[in-house]
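> Curious how this folds, go ahead:
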Amino acid sequence: MMLGTYYKGIEIYREERIIYVRFLMPHRVISTCPAAGGVRDDLDYLYNHQSCEPAGHDPAALRLISPDPKGYRSLVCRQYRLPDDRCATLGTAANMRYAVIKDASFRDLIVVAVCTGGVEGNAGRVGDPAAVYEHDGMYERISGEEPVLHGTINTMLFINRELTPGAMVRTVMTATEAKTAALQELAVNSRYSNRLATGTGTDQIGAASRLDTGTPLASAGKHSALGELIGKTVHDAIKGTLALQNSLTPEGQRSTVRHIERFGATRAGMTASVAARLSGEKGDLFARNFTVLERDPLVVAAVAALVHVRDKVTWGILPQSCVPELWATYGAQIAAAVSGDYALLPGYRNTLAEAHYGPQDGDFLRLVEHAMALGFQDKWSGETGGEE
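Numbers count the residues shown, from 1 in each chain. Predicted coordinates:
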């Protein structure tokens with residue numbers, strides 16, 4: 001089924017588990033395709049193919065991707081009647097029906113982004129510990145943990161003007177920044193470290209610019225109109241597809257647990273730990289209302305502020321020597337947000353300061369749990385309360 005025609009230069013189709021783009025006139029393509037990657041001027045198609053389900057699925061096509069990328073491409077192209085020697089391919093476990101198309105224009109410029117994505121299993125931050133070392137065409141495991149390969153953000157980008165080869169490379173840089181900005185705004189956590197994610201371990205991209213349209217454009221950076229259009233379309237398409245594929249939305253990320261899960265927190269573990277710090281009745285009441293409490297806007301804001309301060313310490317912007325004061329001060333904000341009584345801030349701060357929590361992940365989680373327990377202990381003091 002055709003999804004659309006843009007700038008009289010491309011047609012976008014979706015069939016079963018593939019989205020392919022047919023060039024109606026010559027385009028220059030830069031891609032991460034293992035079989036036809038780099039910069040090419042001789043391709044007729046760029047496609048994104050769902051090679052497997054997101055979990056527990058290992059079809060024959062998936063096993064060909066690394067050892068025989070041309071064989072994988074041929075297998076897919078035969079199925080969809082495409083000329084394999086004229087195609088660049090992207091592969092993923094994401095559902096093609098969750099693809100999002102965004103386009104934008106300025107004067108005579110038109111940019112179209114087509115994105116699919118999933119980040120629940122494979123999100124990571126650049127510089128996270130590696131899992132494999134490649135040599136002699138083979139991959140050697142260098143860490144004890146099997147990397148999760150299902151979870152990929154794929155970007156297809158189309159531009160109605162010719163770009164120089166250097167500007168084509170720059171489109172990849174700009175689109176990558178747009179992807180990282182989208183993940184930052186969604187507070188996506190790395191699955192391989194206690195840091196925020198900048199992408200996944202298997203992200204791919206293909207960008208195409210129409211040839212023979214006059215003097216080639218030489219700039220695709222953030223200062224150029226083209227760079228702005230690339231940034232907007234890719235950013236919005238990625239946020240849109242993650243909302244569909246993973247139900248990952250700003251509203252859904254309004255969660256205390258989401259902000260601290262990269263330090264080892266789980267919903268069940270946090271509920272039990274905070275409840276254990278409270279008396280029997282209050283502990284049970286907290287556990288039964290945890291979801292409402294941990295999604296409260298003021299509580300989430302206080303936890304997010306503490307997490308951001310912790311990142312500033314990790315990055316060296318704030319000195320480690322200030323951790324005791326920072327933890328006590330920002331932890332007290334969490335307690336006050338839970339109790340609703342900000343007049344109690346000094347007392348919460350003193351109590352948390354006496355506990356001497358350190359910068360380690362475990363200590364940091366105990367600080368948050370202690371602060372929530374302090375606040376809930378006071379939430380119904382002197383009142384007759386109950387559940388909503």
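> List the residues that contact residue 230.
Applying C-beta atoms under 8 Å, 6 or more residues apart in numbering, we find residue 230 in contact with 111, 113, 157, 159, 171, 174, 175, 178, 220. Where C-beta positions appear, they are placed from N, C-alpha and C, glycine not excepted.
> I'd like to know which of those residues is nearest to residue 334.
Taking C-beta to C-beta as the measure, residue 178 is the one of these closest to residue 334, at 32.8 Å.
> so how many other residues sit close to the closest one?
Applying the criterion other C-beta atoms under 10 Å, we find 25 residues in the vicinity of residue 178.
> same question, the one 4 residues further on
Close neighbours of residue 182, defined as other C-beta under 10 Å, add up to 24.
> Residue 132 too?
There are 13 residues near residue 132, going by other C-beta under 10 Å.
> isn't it right next to residue 141, touching?
Yes: assessed by C-beta atoms under 8 Å, residue 132 is found in contact with residue 141 at 5.9 Å.
> Pick out the most distant pair among the contacts of residue 230.
Taking C-beta to C-beta as the measure, the contacts of residue 230 reach their widest spread between 159 and 178, a distance of 14.1 Å.
> Kindly export stretch 181-201 (C-alpha atoms) in CSV.
Listed next in CSV are the C-alpha coordinates belonging to stretch 181-201 (Å, rounded to 0.1, in the frame of the first residue of the first chain):
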residue,chain,number,x,y,z
ALA,A,181,17.4,15.0,22.0
ALA,A,182,14.2,13.0,21.7
LEU,A,183,15.5,10.4,24.1
GLN,A,184,16.7,13.1,26.5
GLU,A,185,13.2,14.7,26.6
LEU,A,186,11.7,11.3,27.3
ALA,A,187,14.2,10.5,30.1
VAL,A,188,15.1,7.1,28.5
ASN,A,189,17.4,5.1,30.7
SER,A,190,20.4,3.1,29.6
ARG,A,191,20.0,-0.7,30.1
TYR,A,192,23.8,-1.1,30.4
SER,A,193,24.7,1.6,32.9
ASN,A,194,23.3,4.0,35.5
ARG,A,195,23.2,6.8,32.9
LEU,A,196,20.7,8.3,30.5
ALA,A,197,20.5,6.7,27.0
THR,A,198,21.6,8.4,23.8
GLY,A,199,20.4,5.7,21.4
THR,A,200,20.4,1.9,21.2
GLY,A,201,23.2,-0.4,20.3
